[in-house]
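Novice: I would like to see how this sequence folds:
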Amino acid sequence: MDYDKYLHSFTQGIRHAFSHVVITLLAVGIAFSLPMIAKSILLYWPEIEGNSQLQIFMEISFAIVLVLLFNFSKIAWDGWRSMRMNKIASLVYAREGRDWMSRWKERDMRKKIASVRDVYIMSITGYDTFSSEGCELQQQALDLAYEIRVMLANPYGKGVASRVQSLSDQEAMLQTYRHETEVSIAYLCKLTAAGKKVKLKFYEEPPFWKLVVAGEYVWVQYCRDGHEVKTQPEYVFGLQHGNPQRGFFEPFYKHFFDQWNDPRHPEFNFEASELVYRNGDGNEIQRGAFPLHVEECGLRS
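Specialist: I've put the predicted structure just below:
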């Protein structure tokens with residue numbers, strides 16, 4: 001895989017270098033054909049033709065202008081093509097790390113989710129969304145929402161056990177996942193106490209996507225093995241009203257509800273600290289203990 005990545009990077013560099021060489025040669029060729037062009041269209045060319053230094057200066061200057069013009073044209077073309085592809089994919093925002101540009105864009109996103117009513121979250125522990133620094137935008141969406149549905153990985157399940165095997169210091173990471181899950185449940189309890197309609201479910205499979213659906217936007221991060229989710233790039237896709245089937249908003253939105261409606265995923269009962277299993281008709285068929293200690297919910301210790 002690393003070989004393929006480096007080969008792709010190398011071929012991309014060769015392609016870019018070749019395109020710049022072609023543009024430069026084309027510009028120089030046009031510039032040095034300047035005497036023939038000037039003789040036919042410029043009245044003052046005879047005065048310049050007798051001055052070899054001025055003629056060379058004009059040809060070089062013209063070549064530089066053409067190189068810049070062609071390169072700017074290529075940049076504009078690539079930008080237009082990239083913007084068109086983003087529109088097809090309905091990508092409205094992407095970031096890797098946090099800088100002043102991402103913070104400026106997040107201020108703009110706050111205005112777009114100002115009236116959000118429902119928030120749906122699928123995460124590993126939920127900690128990066130509920131409690132960590134740098135997630136003010138998603139936390140604001142939670143403050144504004146009335147109904148909140150959350151799916152977290154069962155920290156005692158086989159999916160989390162499989163994931164920690166790809167990470168260093170496996171036992172410490174397992175304990176971290178369990179502690180972060182407890183913190184997230186405590187946060188959801190506070191939202192419930194504030195009058196919000198909150199439901200929590202757990203899934204057993206190894207985490208694959210982190211999703212936060214806030215109104216007409218979905219935040220997406222890939223849960224790459226061997227890496228913490230917060231280190232991965234974040235993408236935001238928006239619903240296109242004119243063509244809802246266009247772009248990636250609908251597939252991720254549908255993915256969340258497919259998982260949410262899967263009867264294999266039990267619902268967490270806040271009062272009893274139990275997992276409630278239901279059949280396809282929504283009828284309770286089984287309960288299981290969930291060993292967490294969250295005093296804010298009044299749960300058993």
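Novice: is it true that residue 223 touches residue 207?
Specialist: Yes - contact criterion Cβ atoms under 8 Å: residue 223 and residue 207 qualify, at 4.2 Å. In this view, the C-beta of every residue, glycine as well, is placed from N, C-alpha and C.
Novice: joint contacts of the two?
Specialist: 124, 163, 229 (Cβ atoms under 8 Å, 6 or more residues apart in numbering).
Novice: Please tell me how far the second one sits from residue 283.
Specialist: It stands for residue 163. Residue 163 sits 32 Å away from residue 283, going by Cβ to Cβ, to the nearest Å.
Novice: chain center to the top helix by length along the chain: distance?
Specialist: Looking across the chain with DSSP state H, the single longest helix is helix 52-89. Taking Cα atoms, centre = their mean, to the nearest Å, one finds helix 52-89 lying 31 Å from the centre of the chain it belongs to.
Novice: what comes up buried for the next helix or strand after it?
Specialist: Using DSSP states H and E, the helix or strand that directly follows helix 52-89 along the chain is strand 91-95. Neighbour counts over strand 91-95 (16 or more other Cβ atoms under 10 Å) mark 91-93 as buried.
Novice: pLDDT at residue 254, what is it?
Specialist: What the model reports for residue 254 is a pLDDT of 95.
Novice: Show me what the one helix or strand it maps to is packed up against.
Specialist: If you go by DSSP H and E, residue 254 is part of helix 249-260. Secondary-structure packing of helix 249-260 (3 or more Cβ pairs under 8 Å, 6 or more residues apart in numbering; DSSP states H and E): strand 118-122, strand 147-153, strand 209-214, strand 217-222, strand 234-238.
Novice: Indicate each strand paired with the longest one and its parallel or antiparallel sense.
Specialist: By that I understand strand 147-153. strand 118-122 (parallel), strand 197-203 (parallel) (DSSP bridges).
Novice: I'd like these written out as CSV, with distance to residue 233 and mean pLDDT added.
Specialist: Shown next, in CSV, are the strands paired with strand 147-153 (distance: least, Cβ to Cβ, whole Å; pLDDT from 0 to 100):
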stretch, distance to residue 233, mean pLDDT
strand 118-122, 17, 93
strand 197-203, 23, 94
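Novice: can you list those strands in a markdown table and add mean neighbour count?
Specialist: Below are those laid out as a markdown table (neighbours: other Cβ atoms under 10 Å):
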| stretch | mean neighbour count |
| --- | --- |
| strand 118-122 | 22 |
| strand 197-203 | 19 |
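Novice: In a markdown table, list the ones you listed along with distance to residue 187.
Specialist: Shown next, in a markdown table, are the strands paired with strand 147-153 (distance: least, Cβ to Cβ, whole Å):
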| stretch | distance to residue 187 |
| --- | --- |
| strand 118-122 | 11 |
| strand 197-203 | 10 |
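Novice: just so I know, which of those strands lies nearest residue 276?
Specialist: Closest of these to residue 276 is strand 197-203, at 9.4 Å (criterion: Cβ to Cβ).
Novice: Excluding its own residues, what touches that closest one? List them.
Specialist: Counting by Cβ under 8 Å, 6+ apart, residues outside strand 197-203 touching it are 146-154, 157, 159, 185, 188, 191-192, 259-260, 262, 264-268, 270, 275.
Novice: Give me the buried entries from the shared contacts of residue 223 and residue 207.
Specialist: 124, 163, 229.
Novice: okay, who's weakest in these by pLDDT?
Specialist: residue 229 (84).
Novice: ok, that one - contacts?
Specialist: So residue 229 contacts 123-124, 128, 207, 210, 221-223 (Cβ under 8 Å, 6+ apart).
Novice: Out of these, give me the two with the largest separation.
Specialist: That would be 128 and 222, which, of the contacts of residue 229, are the farthest apart (Cβ to Cβ) at 13.6 Å.
Novice: Residue 223 and residue 207: which has the busier surroundings?
Specialist: residue 207 (22 against 17; other Cβ atoms under 10 Å).
Novice: helix/strand/coil for that one?
Specialist: coil (DSSP: H, G, I helix; E, B strand; the rest coil).
Novice: And it, how far from residue 67?
Specialist: When residue 207 is compared with residue 67 (using Cβ to Cβ), they lie 49 Å apart.
Novice: which element is residue 180 on?
Specialist: helix 170-193.
Novice: Show the average pLDDT along that helix.
Specialist: Throughout helix 170-193, pLDDT has a mean value of 89.
Novice: wait, what's in contact with the residue nearest in space to the middle of the chain?
Specialist: Nearest residue to the geometric centre of the chain (Cα atoms, centre = their mean): residue 235, 1.6 Å. Residue 235 makes contact with 91, 93-94, 219-221 under the criterion Cβ under 8 Å, 6+ apart.
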